[in-house]
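Engineer: Compute the structure for the input listed below.
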Amino acid sequence: MTDSLVIIPTYNEIENIEAIIAAVLSLRKEFHILVVDDNSPDGTAEKVRSLQQQYTEQLFLEVRKGKHGLGTAYIHGFKWALARSYSYIFEMDADFSHTPSDLLRLYKACTNGADMVIGSRYKKGVNVVNWPLHRILLSYGASFYVKIITGMPIKDPTAGFVCFHRRVLEAIDLDKIKFVGYAFQIEMKFRAYRKKFNIEEISIIFTDREKGKSKMSTRIVWEAVFGVISMKMKSIFKKEGL
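Structural biologist: Residues are numbered from 1 along each chain as shown. Alright, predicted model coming up:
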């Protein structure tokens, strides 16, 4: 039994899922993978089920009935992990925007004393490959905006490549997480920051997907813009869930 679980949320990732699973499970350290699939019509879940015959004790699948968003998929995965004995729980995309071998670097930082480790695109400049300029400006500008509003000393608060020690997830009331898109990533970091957990960032290179379609939408962007202000105000006046 390994101490580490990688949660990979999916919706229509049939072009990437087999390769990303193989890449993670071939690393020199043993990881388990939980795929949380939102009933993908392209057969992603069916492909994972077929791969479970090969990775009988390392690969797990949870299929939800509809497309409910990134945040709720991760919350589902966190609860699944906490019901078991994993000490280190990872967030990771299915599309190879996160380099699988960097899981080892996140794990090392977390086992060396960090409570939460972020794979950061912006710790050392801008380490993003194949994004158009407007996308880089939007993401980098959002990170600066979040830092100003929340006061968090985190260079990449919207990052989706993260390792949590289980004590962080146990301390956060997961049922009170409100956001589903990039604001979800910000909210998780903000709640951990407010609880004074030790948060570290390690520099990674983020590469835009080559296969499949991005899930970015205008609604997700606006949720992040207004959600950050709402989250900060509640933390000041209500201390809600923080």
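Engineer: all contacts plus neighbour counts: C-alpha atoms, from now on.
Structural biologist: Will do.
Engineer: confidence score at Phe179?
Structural biologist: Phe179 carries a pLDDT score of 86 in this model.
Engineer: swap that for Phe190, please
Structural biologist: pLDDT for Phe190: 94.
Engineer: Quick check, it in contact with Met152.
Structural biologist: Yes: the pair formed by Phe190 and Met152 meets the contact definition of Cα atoms under 8 Å, at 7.2 Å.
Engineer: Looking at these two, which one has more neighbours?
Structural biologist: Of the pair Phe190 and Met152, Phe190 is the one with more neighbours under other Cα atoms under 10 Å, namely 23 against 15.
Engineer: tell me which element that one falls in.
Structural biologist: Here Phe190, judged by DSSP states H and E, is contained in helix 182-194.
Engineer: So which elements touch that helix?
Structural biologist: helix 70-82, helix 218-237 (3 or more Cα pairs under 8 Å, 6 or more residues apart in numbering; DSSP states H and E).
Engineer: List the buried residues for stretch 30-47?
Structural biologist: Using 16 or more other Cα atoms under 10 Å as the test for burial, stretch 30-47 gives Phe31, His32, Ile33, Leu34, Val35, Val36, Asp37, Asp38, Asn39, Ser40, Thr44, Ala45.
Engineer: repeat for stretch 144-157
Structural biologist: For stretch 144-157, a neighbour-count test (16+ other Cα under 10 Å) marks Val146, Lys147, Thr150, Ile154, Lys155, Asp156, Pro157 as buried.
Engineer: okay if I get these as CSV plus secondary structure and pLDDT?
Structural biologist: Output for the buried residues of stretch 144-157, formatted as CSV (DSSP: H, G, I helix; E, B strand; the rest coil; pLDDT from 0 to 100):
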residue, secondary structure, pLDDT
Val146, helix, 88
Lys147, helix, 87
Thr150, helix, 91
Ile154, coil, 95
Lys155, coil, 94
Asp156, coil, 93
Pro157, coil, 92
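Engineer: By mean pLDDT, point me to the weakest helix or strand of the chain.
Structural biologist: helix 218-237 (a mean of 69; mean pLDDT, DSSP states H and E).
Engineer: Okay, now stretch 113-129: how far is its last residue from its first?
Structural biologist: By Cα to Cα, to the nearest Å, the extent of stretch 113-129 from end to end equals 30 Å.
Engineer: Name the helix or strand for Phe164, please.
Structural biologist: Secondary structure from DSSP H and E places Phe164 in strand 162-165.
Engineer: Which is the succeeding secondary structure element to that strand?
Structural biologist: Downstream of strand 162-165 (by DSSP H and E), the next one is helix 166-171.
Engineer: Cheers, nothing more for now.
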